[in-house]
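Enquirer: here are the coordinates; sequence isn't available:
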């Protein structure tokens, strides 16, 4: 009897063990967890300012021994968790760092951020002669030739329109383009650049590239109207305050609503009413207003008239230029008087900026507008057409040279002696009726700054019988 009981106990134990094994076996056979890798970047730090050698400190939390891939301004640099980056080989300004990794299962992690390189210690002297440009580059720079136009023109301040996706991955596209241009202009003061953020379409957005210090950058999505309401604009404006030889200048970038028809004309007019009010609220300050207005100038009539069937209207430019106009004057500025720079300097040249690329229409819709702080300061203005401009964009850029010494008092070390200035003036053409004009300009230029391009401009400016 006892043996039968023992046998029963043994059978029960075998049954229990078998069931336990069946329950546990799936867990024993299940492979270990394969978690998604996690990047941890201890250095450099997001939005920090770096100099000299920068030692990357990257760790990756994962079951595998993984290595990070490092990209700077969109260019692959190395696969390393401890990269030594020599920032002295880069231009000063902001750069985008993107770091990524991937495990054998295809799971990945990435991070991106900006840092600012600042290796230049000495103060930079800016000539009173400088060049500005506005350029609609078409759908976030669809054709890379837009950069060739900048390399050709070498402007000191640029407002780009339709920068759209330049705000991707911590401005990687913008910073990559800026780095390329700074490398090309290695002997010039490097550009600093800013662009609109959270842009959803390739055809919206503006950016500024400036060799002058950018003191602030504001993205404007609403503007104040005369009835004290706020209007949400179709394309955000930008307001960049830059330091031009000691003067704080507001450089605006604009892209008014596109396409013809009364509805779009009305939107452009309301947007202009609002940005005029915004600028009035700044008070009596220097303003440069650059952009694609998608509208015509009231001065473009007769032989200058746009050759198109598009109904873009004349309202926005009339508001800016003609405060006494019977219809649009009520929306004009109460603080500023504005000048259409290209038309002022080219009264007989149509200056078409759109449509000529494909020959379907010819119109001027891109403008450089300046307030009275710049009266008499513009030397010349041109439309940048021809090769490679025809393929670079569906717009031509508009450029202008400025000789601006207003509000600027140079230090003694930046002045030439009166004797030196007089000697320089004596070699200029005898047709100059007022040599003091050239002496005043040269008196604030160091000798090494009087280069061939400056001489050409000075001669063009003063050689008037």
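Expert: Good, I have the coordinates. Every value quoted in this text rests on a predicted model; they were computed, and no experiment measured them.
Enquirer: Give the helix, strand or coil label for residue 319.
Expert: Put simply, residue 319 is helix when judged by DSSP: H, G, I helix; E, B strand; the rest coil.
Enquirer: residue contacts, it?
Expert: By Cβ atoms under 8 Å, 6 or more residues apart in numbering, the contact list for residue 319 reads 269, 272, 273, 276, 325, 328, 329, 331, 332. C-beta coordinates here come from the backbone N, C-alpha and C atoms, glycine included.
Enquirer: Quickly note the distance from it to residue 257.
Expert: Distance, residue 319 to residue 257, by Cβ to Cβ, to the nearest Å: 15 Å.
Enquirer: can you check residue 186 too?
Expert: 40 Å.
Enquirer: quick one, longest strand in the protein?
Expert: strand 230-244 (DSSP state E).
Enquirer: Now do that one: distance to the chain's middle.
Expert: 12 Å (Cα atoms, centre = their mean, to the nearest Å).
Enquirer: after that strand, next one along is what?
Expert: strand 247-255 (DSSP states H and E).
Enquirer: got a list of what the nearest residue to residue 345 once chain neighbours are set aside touches?
Expert: If the residues on either side of it in the chain are set aside, residue 345 comes closest to residue 381, at 4.7 Å by Cβ to Cβ, 6 or more residues apart in numbering. Shown in contact with residue 381 (Cβ under 8 Å, 6+ apart): 341, 342, 344, 345, 346, 368, 398, 399, 400, 401.
Enquirer: Now that we're looking at residue 381, what pLDDT does it have?
Expert: Reported pLDDT at residue 381 in the predicted model: 98.
Enquirer: Check residue 357 too.
Expert: Looking at residue 357, the pLDDT reads 78.
Enquirer: Could you measure from it over to residue 133?
Expert: Applying Cβ to Cβ to residue 357 and residue 133 gives a distance of 18 Å.
Enquirer: farthest-separated two in the contacts of residue 381?
Expert: 344 and 399 (14.4 Å; Cβ to Cβ).
Enquirer: Which of these two has more residues huddled nearby?
Expert: For residue 344 and residue 399, the more surrounded residue by other Cβ atoms under 10 Å is residue 399, and the numbers stand at 23 against 15.
Enquirer: element containing the more buried one, please.
Expert: Per DSSP H and E: strand 397-403 holds residue 399.
Enquirer: got the angle between that strand and strand 230-244?
Expert: Here strand 397-403 points in a direction 50 degrees away from that of strand 230-244 (axes from the mean of the first three to the mean of the last three Cα atoms, to 10 degrees).
Enquirer: just checking, what packs against strand 397-403?
Expert: strand 129-136, helix 145-153, helix 341-345, strand 366-371, strand 378-384, helix 452-462 (3 or more Cβ pairs under 8 Å, 6 or more residues apart in numbering; DSSP states H and E).
Enquirer: partner strands of that strand, parallel or antiparallel?
Expert: When sheet partners are counted by DSSP bridges, strand 397-403 sits next to strand 129-136 (antiparallel), strand 378-384 (antiparallel).
Enquirer: Helix 145-153 and that one, what's the angle between them?
Expert: Going by the same axes, to 10 degrees, strand 397-403 makes 30 degrees with helix 145-153.
Enquirer: Residue 379 touches residue 404, doesn't it?
Expert: No - here residue 379 lies out of contact with residue 404, judged by Cβ atoms under 8 Å, at a distance of 10.0 Å.
Enquirer: Looking at the two, which is more packed in?
Expert: residue 404 (22 against 17).
Enquirer: ok, now which ones touch that one?
Expert: Residue 404 sits in contact with 128, 130, 244, 245, 374, 377, where contact means Cβ under 8 Å, 6+ apart.
Enquirer: What of residue 294?
Expert: Counting by Cβ under 8 Å, 6+ apart, residue 294 makes contact with 255, 256, 257, 258, 259, 264, 268, 312, 365.
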